[in-house]
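> Kindly generate the corresponding structure for this input.
(one chain, ligands or ions: 1)
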Amino acid sequence: MTLATDRLRPLFPALAREHAGREAVYFDGPAGTQTPIAVIDAIGNYLRRCNANHGGLFATSRESDQLLHETHEAVAALLGADDPDTVSFGANMTTLTFAFSRALSRTWAPGDEVIVTRLDHDANVTPWTLAARDAGATVKTVELTESLTLDIEDFRSKLSERTKLVAVGAASNSTGAINPVRAIADAAHAAGALVFVDAVHYAPHQLLDVRQMDCDFLACSAYKFFGPHVGILWGRREWMESLEPYKVRPAANRIPDRWMTGTQNHECLAGVKAAVEYLAEVAALAGDSVVAATAPLRERLVESYRHIQEHERSLCGRLLAGIAELPAIRVWGEADPQRQEARVSTLSITHRERSSTDVATHLAERGVFAWNGNYYALNLTESLGLEPDGMVRLGIVHYNTEEEVDYVLSCLREL
Ligand SMILES: Cc1ncc(COP(=O)(O)O)c(C=O)c1O
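Reported below is the predicted structural model:
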């Protein structure tokens, strides 16, 4: 089943951009998705109507406070969290994770251990490595299986009563592999460790559920799910209240304020709320909704993400099946079009004879916007011996179409 993208695409002004005599093909979603007009309008309207700092007694400040509160509620619904105060915002996932790692590592001591993975984006590796170094703790790295999934046996062998934190991604921004976060969290908790999940890559593809994942902390970024550049950090209330953040004295010490340093990007927070609302409306906008428009946000998100997932799986299966007929191209990680449950719709490829820079240039000249390099999943490209040229990433999100997949395949065939 595919989504009625002809109804959704006109809502994204950027998608009308032309390049090389045709509509540009945005396969760069993993590095940042395009935004619907509702998000763009929400940002502009905030600046037009109630631009003010928060906490004042006058109308624009009160309206700003109300809007910020509604954004916390909307993002809590997106994460499956029942408490909007457990959601904090900041510049981006990397900045939030660096700040949070400093606070969390105050609870570590020499001899303690931290586990990161070979598959993660560096934003979920280096903040923990540096924090561990400062605390005198040791870092262990979970290795990969031959099919480039996390080696769970290796993870279990590295987990011990000395482990304080396991930092793992929900999905790889390189191979698209979905990691077994719940099983990892169960094992980590049994050993007395906490779990930090990088959900940046997962969030546009599958509905997050912090309760189901049973993680302790989770970070993501709104610009990867059709919103503006804002980072998101969620944490269990008991930890967000008890850990000691680096903050200025006059800032409130209650959650979430104690984690939100400085003045926030209010206009973009208005855009984040609009992005979550857009996601909740995807099924209805595509004319395929059985859930009432008045149903709770989370219920509408569940329905929309079901459609998004089916659409992306159909397109990704088509892309994988097409690539299977091109012997010069290698897919890194899961390449079976029938095994979609193991991945999100992001693939990394290399060409037998052409560099990744060449392949990405060839695509760019034909109006296909796709990334090449390591996309900061540096542990992975280093261990595969793919530095410095890296791979080419083909990222499908719900606004992409079958016709675009066929066009990208025809461009790859020319190589
Ligand atoms: C999987 C993953 N984690 C973390 C990040 C870093 O996010 P941010 O740009 O919000 O710092 C990215 C960005 O590409 C990512 O793809």
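> Can you pull the residues of this protein lying near the ligand?
Residues of the chain found near the ligand (CB under 6 Å from any ligand atom) are 31, 92-94, 121, 123-124, 169, 173, 198, 200-201, 221, 231, 376. Where you see a C-beta, it was placed from the backbone N, CA and C, and this is true even at glycine.
> if we go to 5 Å?
Residues of the chain found near the ligand (CB under 5 Å from any ligand atom) are Asn92, Met93, Thr94, His121, Ala123, Asn173, Asp198, Val200, His201, Ser221, Gly231.
> Which of those residues fall in strands?
Asp198, Ser221, Gly231 (DSSP state E).
> now Thr401: how far from Leu285?
Thr401 is 15 Å from Leu285, where distance means CB to CB, to the nearest Å.
> what about the two, which has more around it?
Under the neighbour definition other CB atoms under 10 Å, Thr401 and Leu285 were set side by side, and Thr401 has more, 20 against 17.
> where along the stretch 251-400 of the chain do the strands fall?
329-332, 346-351, 368-369, 371-373, 391-395 (DSSP state E, counting those that start in this stretch).
> out of those strands, deepest packed?
Stretch with highest mean neighbour count among the strands of the stretch 251-400 of the chain: strand 391-395 (a mean of 28; mean count of other CB atoms under 10 Å).
> orientation of that one relative to strand 346-351 in degrees?
For strand 391-395 against strand 346-351, the angle by axes from the mean of the first three to the mean of the last three CA atoms, to 10 degrees is 140 degrees.
> Contacts made by strand 391-395 with the rest, please.
The contact list for strand 391-395 (CB atoms under 8 Å, 6 or more residues apart in numbering) reads 27-31, 173-174, 319, 332, 345-351, 356, 359-360, 363, 370-375, 381, 408.
> For it, C-alpha coordinates in PDB please.
Extracted C-alpha coordinates of strand 391-395, given in PDB (Å, rounded to 0.1, in the frame of the first residue of the first chain):
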ATOM      1  CA  MET A 391      29.100   5.400   1.000                       C
ATOM      2  CA  VAL A 392      26.100   7.000  -0.800                       C
ATOM      3  CA  ARG A 393      22.900   7.200   1.200                       C
ATOM      4  CA  LEU A 394      19.400   6.800  -0.400                       C
ATOM      5  CA  GLY A 395      16.900   8.000   2.200                       C
END
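> Put the alpha carbons of the next helix or strand after that strand into CSV.
Next along the chain after strand 391-395, taking DSSP states H and E as the criterion, comes helix 402-414. Provided in CSV are the C-alpha atoms of helix 402-414 (Å, rounded to 0.1, in the frame of the first residue of the first chain):
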residue,chain,number,x,y,z
GLU,A,402,7.4,5.1,-6.7
GLU,A,403,8.1,7.3,-9.7
GLU,A,404,11.1,8.8,-7.8
VAL,A,405,12.4,5.4,-6.9
ASP,A,406,12.2,4.3,-10.5
TYR,A,407,14.0,7.5,-11.6
VAL,A,408,16.8,6.9,-9.0
LEU,A,409,17.2,3.3,-10.3
SER,A,410,17.5,4.6,-13.9
CYS,A,411,20.2,7.0,-12.8
LEU,A,412,22.1,4.2,-11.0
ARG,A,413,21.7,2.0,-14.1
GLU,A,414,23.6,4.6,-16.2
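> Can you spell out which helices and strands pack onto helix 402-414?
Secondary-structure packing of helix 402-414 (3 or more CB pairs under 8 Å, 6 or more residues apart in numbering; DSSP states H and E): strand 25-26, helix 297-324, helix 356-365, strand 368-369.
> Now it: buried residues?
Within helix 402-414, the residues that count as buried by 16 or more other CB atoms under 10 Å are Glu404, Val405, Tyr407, Val408, Leu409, Cys411, Leu412.
> what's the closest of those residues to Thr35?
Nearest to Thr35 out of the buried residues of helix 402-414 is Glu404 (CB to CB; 18.5 Å).
> picking that back up, put together a markdown table for the strands of the stretch 251-400 of the chain, with mean pLDDT on each row.
Below are the strands of the stretch 251-400 of the chain laid out as a markdown table (pLDDT from 0 to 100):
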| stretch | mean pLDDT |
| --- | --- |
| strand 329-332 | 98 |
| strand 346-351 | 98 |
| strand 368-369 | 98 |
| strand 371-373 | 98 |
| strand 391-395 | 98 |
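> Columns distance to Gly56 on top of those strands, output as a markdown table?
Shown next, in a markdown table, are the strands of the stretch 251-400 of the chain (distance: least, CB to CB, whole Å):
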| stretch | distance to Gly56 |
| --- | --- |
| strand 329-332 | 52 |
| strand 346-351 | 43 |
| strand 368-369 | 42 |
| strand 371-373 | 42 |
| strand 391-395 | 42 |
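> To Val210, which of the ones you listed lies closest?
Here strand 346-351 is closest among the strands of the stretch 251-400 of the chain (CB to CB), at 22.0 Å.
> got the contact list for the closest one?
29-30, 171-176, 201, 316, 319-320, 323, 328-333, 335, 356, 358-359, 386, 391-396, 415.
> Same question for stretch 241-261.
72, 85-90, 99-100, 102-104, 106-107, 233, 235, 237, 240.
> let's see it at 7 Å
Contact partners of stretch 241-261, identified using CB atoms under 7 Å, 6 or more residues apart in numbering, comprise 72, 85-90, 99, 102-104, 106, 233, 237, 240.
> so how many other residues sit close to Ala252?
11.
> Got phi/psi on it?
Ala252 adopts backbone torsions of phi -60, psi 150, taken as degrees, to the nearest 10.
> Appreciated, that's everything.
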